[in-house]
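1. Coordinates for the following, if possible.
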Amino acid sequence: MAEVVVVAQYRTRPRHGSEVASVLAAHVRATREETGCLEFVALRQEDDPDRFVLYERYADDAAFEAHRASAHFRENITDRVAPLLAERVWSSYIRV
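-> Modelled structure (predicted):
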């Protein structure tokens, strides 16, 4: 099974960057505890505090799907972060 890398880009609605950053800090800690998570980093753009990039690595597709089905994903991302976003784009990659 191939390792999966996900890159997500978020742009919050104006002035919601600090709230999203706070939620993402908790989400990063919870996600790093997942069995199939190899790496999870959330970055906030230095010159635009309403923009974020998430870099995620999972052991395989099943680990990524387990992450998206987790309670902390639902609570942090679906329920708290997504409503504050103006834009949310993500792509998955396979290491070559």
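
2. Going by C-alpha atoms from here, please, whenever you check contacts or count neighbours.
-> OK.

3. secondary structure element for the most centrally placed residue in the chain?
-> By Cα atoms, centre = their mean, the chain has its centre lying nearest to L54, at 4.8 Å. Per DSSP states H and E, L54 falls inside strand 51-58.

4. which residues of the protein score low on pLDDT?
-> Within the chain, the ranges that satisfy pLDDT under 70 run 1.

5. Can you check which helix is longest in it?
-> In the chain, with assignment by DSSP state H, the single longest helix is helix 17-32.

6. returning to what we had before: mind listing what the residue nearest to the centre of the chain touches?
-> V6, V7, A8, Q9, F40, V41, A42, L43 (Cα atoms under 8 Å, 6 or more residues apart in numbering).

7. measure it to H16 for me?
-> If you measure L54 against H16 using Cα to Cα, to the nearest Å, the figure is 17 Å.

8. Same check on A25?
-> Applying Cα to Cα to A25 and H16 gives a distance of 15 Å.

9. what does D61 give?
-> D61 is 31 Å from H16, by Cα to Cα.

10. ditto for V96
-> Counting by Cα to Cα, the gap from V96 to H16 is 36 Å.

11. now do F52
-> Per Cα to Cα, F52 is found 12 Å from H16.

12. And these two? Which one has more around it.
-> Comparing F52 with H16 by other Cα atoms under 10 Å, the one with more neighbours is F52, at 22 against 16.

13. can you count the residues close to Q45?
-> By other Cα under 10 Å, neighbour count at Q45 equals 12.

14. so who does it touch?
-> Shown in contact with Q45 (Cα under 8 Å, 6+ apart): R51, F52, V53.

15. Show me what the host helix or strand of V7 is in contact with.
-> Using DSSP H and E, V7 maps to strand 4-12. For strand 4-12, contacts defined as Cα under 8 Å, 6+ apart pick out 20, 50-61, 64, 84-95.

16. which among those residues end up buried?
-> 20, 50-61, 64, 84-85 (16 or more other Cα atoms under 10 Å).

17. Pick the one among those closest to N76.
-> V20 (9.3 Å; Cα to Cα).

18. re earlier: with neighbour count added, can I get the contacts of L54 in JSON lines?
-> JSON lines is the format used below for the contacts of L54 (neighbours: other Cα atoms under 10 Å):
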{"residue": "V6", "neighbour count": "16"}
{"residue": "V7", "neighbour count": "17"}
{"residue": "A8", "neighbour count": "15"}
{"residue": "Q9", "neighbour count": "16"}
{"residue": "F40", "neighbour count": "19"}
{"residue": "V41", "neighbour count": "16"}
{"residue": "A42", "neighbour count": "17"}
{"residue": "L43", "neighbour count": "15"}
